[in-house]
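Chemist: Could you look at this predicted model? Sequence included:
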Amino acid sequence: MAEDKSVGSKIRQVREFQKISREELASRCSLHVEQIQKIEEDKVVPSLAPLMKIARAMGVRLGTFLDDVEQLGPVVVRSGELEKGVRFASQPKENLEHLNFFSLAFNKADRSMEPFIVDIEPSRQSSYMLSSHEGEEFIYVLDGVVEINYGKDIYRLEKGDSIYLDSIVEHNVHSGDNKPAKILAVVYAAF
């Protein structure tokens, strides 16, 4: 039988290895037990903010849940290989936000940064749920127009523009002109 490589199963495996109950994990990361259960059972596609909270609560790096086969040396991801990476959403599906993250270092061992290509699909909503987590982010717009709600400010970025921000400030990244966009995002979370 093949080993289950889903993000949810990896979270469950680490939690069980550390002998932490779902209730204790939920308490440690300020999430609902039902949300932890749905993530572990792959009933929802986990978003970045809860994944980072879960990783911190268990004392592991985010990559622990995204890694496939760990590699100690450099990792090369060739053009067209993004689909082989780990894909997850930015927010719970009911929030109607559509960001699809493709890890560029899914098999790099002991990394401190999480680089992603993010496909941003247009949203059907006019207000956005802000989220925050520890660390820093660098975002470079590869295609399209992106708006970033950052605290009380809104930044509009076009192809070739970039922003470096503190992730602890509530923020949201979405399409700036209701058309698809693509960004390179590098997330750093010190543990």
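Modeler: Received, thanks. A quick note: this is a predicted structure, and the numbers were derived from the prediction, not measured.
Chemist: thinking residue 49 is in contact with residue 133, fair?
Modeler: Yes - with contact defined as Cβ atoms under 8 Å, residue 49 reaches residue 133; the gap is 5.2 Å. Bear in mind the C-beta positions are built from the backbone N, C-alpha and C, glycine included.
Chemist: For the two, indicate the residue with more neighbours.
Modeler: residue 133 (20 against 17; other Cβ atoms under 10 Å).
Chemist: Tell me the secondary structure at the more buried one.
Modeler: coil (DSSP: H, G, I helix; E, B strand; the rest coil).
Chemist: residue contacts, it?
Modeler: 48-49, 52-53, 167-168, 189 (Cβ atoms under 8 Å, 6 or more residues apart in numbering).
Chemist: Got the phi and psi for it?
Modeler: phi -160, psi 170 (degrees, to the nearest 10).
Chemist: Would you check how far apart the nearest residue to it once chain neighbours are set aside and residue 46 are?
Modeler: Spatial nearest neighbour of residue 133, chain neighbours left out: residue 52 (4.3 Å); criterion: Cβ to Cβ, 6 or more residues apart in numbering. As judged by Cβ to Cβ, to the nearest Å, residue 52 and residue 46 stand 10 Å apart.
Chemist: what about this protein, any weak spots by pLDDT?
Modeler: Low-confidence segments of the chain (pLDDT under 70): 1-5, 67-76, 78, 80-98, 109, 124-127, 190-191.
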